[in-house]
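Novice: Quick check, what structure comes out for this input:
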Amino acid sequence: MALAQRSRVSYAPARIGDRAADNLRFIRDTMERAGSFTAVPGLGGVVIGLTAIVAGALAMGRTPPQQFVMWCAEANLAVLIAFFAVRQKSQRQKLSLQTRAARRALLSFMPPLLAGAVLTAALVHISVYSVLPPLWLLLYGAAVVTGGAFSVRIVPVMGLCFMLIGACTIFCPPAWGNLFLMLGFGGLHVIFGAVIARRHGG
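Specialist: Numbering: from 1, shown residues only. Predicted structure coming up:
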């Protein structure tokens with residue numbers, strides 16, 4: 001009699017509520033992964049940060065037009081690094097770049113950058129270079145925040161940090177602009193890139 005009672009207790013089925021909660025949790029996690037662009041390149045971000053630090057060091061002490069040219073060259077290099085890093089990570093993890101999340105991330109990322117390009121052209125045309133560092137940091141941060149809404153959670157946090165540094169740059173002497181660019185495009189990319197590489201597979 002006692003053995004039969006122990007047997008019934010040990011093989012008692014799980015409660016329906018527990019099963020439903022586990023199933024809902026699994027479905028939610030699966031949908032979050034499917035709806036996120038996870039091919040953000042952490043190691044590529046580290047490389048971009050290092051090249052930005054080098055660019056800032058080379059631009060130090062130069063005239064504003066010369067610094068502008070050097071940072072534009074760095075921006076072009078960063079685009080190439082990001083392109084190959086995203087492609088490599090997506091291939092390694094067998095992730096498609098044609099998913100809805102990837103398209104949304106790209107479409108959300110581009111408008112602030114396009115606005116920054118137009119404003120940059122206008123400011124350079126009238127030889128106003130002092131506004132460029134905060135402008136670049138703020139709009140790049142805005143692009144990362146909006147694009148990062150469809151990626152892993154740390155990405156929009158990085159964008160907010162860029163915006164914070166950009167806001168601080170506005171209230172500091174214009175001569176500090178190059179240092180803030182190094183801090184933002186260099187330091188933040190290295191730090192957050194390393195975290196993304198560690199937590200999200202490279």
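
Novice: and the spatially most central residue of the chain, what is it in contact with?
Specialist: Nearest residue to the geometric centre of the chain (CA atoms, centre = their mean): V155, 4.0 Å. V155 is in contact with V40, V144, G147, G148, F192, I196, counting by CB atoms under 8 Å, 6 or more residues apart in numbering. C-betas here are computed from N, CA, C, even on glycine.

Novice: 7 Å instead?
Specialist: Neighbouring residues of V155 by CB atoms under 7 Å, 6 or more residues apart in numbering: V40, V144, G148.

Novice: Check the offset of the host helix or strand of it from the chain's centre.
Specialist: Under the criterion of DSSP states H and E, V155 resides in helix 154-170. A distance of 11 Å separates the C-alpha centroid of helix 154-170 from that of its chain, computed with CA atoms, centre = their mean, to the nearest Å.

Novice: Kindly report the same for stretch 49-64.
Specialist: Using CA atoms, centre = their mean, the mean C-alpha position of stretch 49-64 is found 22 Å from that of the whole chain.

Novice: Likewise for stretch 170-182?
Specialist: Distance of stretch 170-182 from its chain centroid, counting by CA atoms, centre = their mean, is 22 Å.

Novice: how many other residues sit next to the nearest residue to M70 once chain neighbours are set aside?
Specialist: Nearest residue to M70, sequence neighbours excluded (CB to CB, 6 or more residues apart in numbering): A59, at 4.4 Å. Using other CB atoms under 10 Å, A59 has 22 other residues around it.

Novice: who touches A59 in this structure?
Specialist: For A59, the contacting residues are Q67, M70, W71, N178, taking CB under 7 Å, 6+ apart as the criterion.

Novice: Give me the distance between it and L80.
Specialist: Distance, A59 to L80, by CB to CB, to the nearest Å: 19 Å.

Novice: This completes my enquiry, with thanks.
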